[in-house]
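Asker: Give me a 3D structure for the following:
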Amino acid sequence: MRGFSKSGGDTNGFVNAWLSDNRYEDYYTRRGLNDCRREMITFCFLAAQGGCEPQLLAHITVNLRTGNSCSFLRNNISQCLPYIGYPRTLNALCCVNEAVEPKK
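Answerer: Numbering: from 1, shown residues only. Below you'll find the predicted structure:
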């Protein structure tokens with residue numbers, strides 16, 4: 001996230017600044033959740049929202065870096081299925097698979 005709040009230029013720079021201030025300064029600095037749990041929750045929120053696969057992919061990568069495994073993410077999203085439906089669950093599973101497959 002270094003430099004993210006200043007990126008985007010005149011067209012969407014203000015949104016990047018808002019996101020950085022809100023998400024990363026307000027939520028990530030709070031105590032109570034470790035990084036693994038916080039990223040797992042973010043993964044579930046994004047999957048439930050739908051239509052934000054690029055952000056979901058990015059947070060899958062962060063989940064993996066913080067120690068959450070692919071099977072952990074798959075299990076979590078399967079628990080969300082009754083609430084978010086099959087399409088969003090399948091999209092999230094595709095994103096998990098895409099994030100872990102070697103790029104060709």
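Asker: Go through stretch 38-47 and flag the buried ones.
Answerer: 38-40, 42-44, 46-47 (16 or more other Cβ atoms under 10 Å). For glycine as for every other residue, the C-beta is placed from the backbone atoms N, C-alpha and C.
Asker: Show the pLDDT at the closest residue to Tyr83 other than its chain neighbours.
Answerer: Leaving aside its sequence neighbours, Tyr83 sits nearest to Ala48 (Cβ to Cβ, 6 or more residues apart in numbering; 7.0 Å). pLDDT recorded at Ala48 is 97.
Asker: burial count for Ala48?
Answerer: Neighbourhood size, Ala48 [other Cβ atoms under 10 Å]: 15.
Asker: What of Asn91?
Answerer: For Asn91, the neighbour count with other Cβ under 10 Å is 18.
Asker: follow-up on the earlier one: which of the buried residues of stretch 38-47 fall within helices?
Answerer: 38-40, 42-44, 46-47 (DSSP state H).
Asker: Format those residues as TSV; extra columns: distance to Pro87.
Answerer: Listed next are those as TSV, based on distance: Cβ to Cβ, whole Å:
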residue	distance to Pro87
Arg38	26
Glu39	23
Met40	21
Thr42	20
Phe43	17
Cys44	16
Leu46	14
Ala47	11
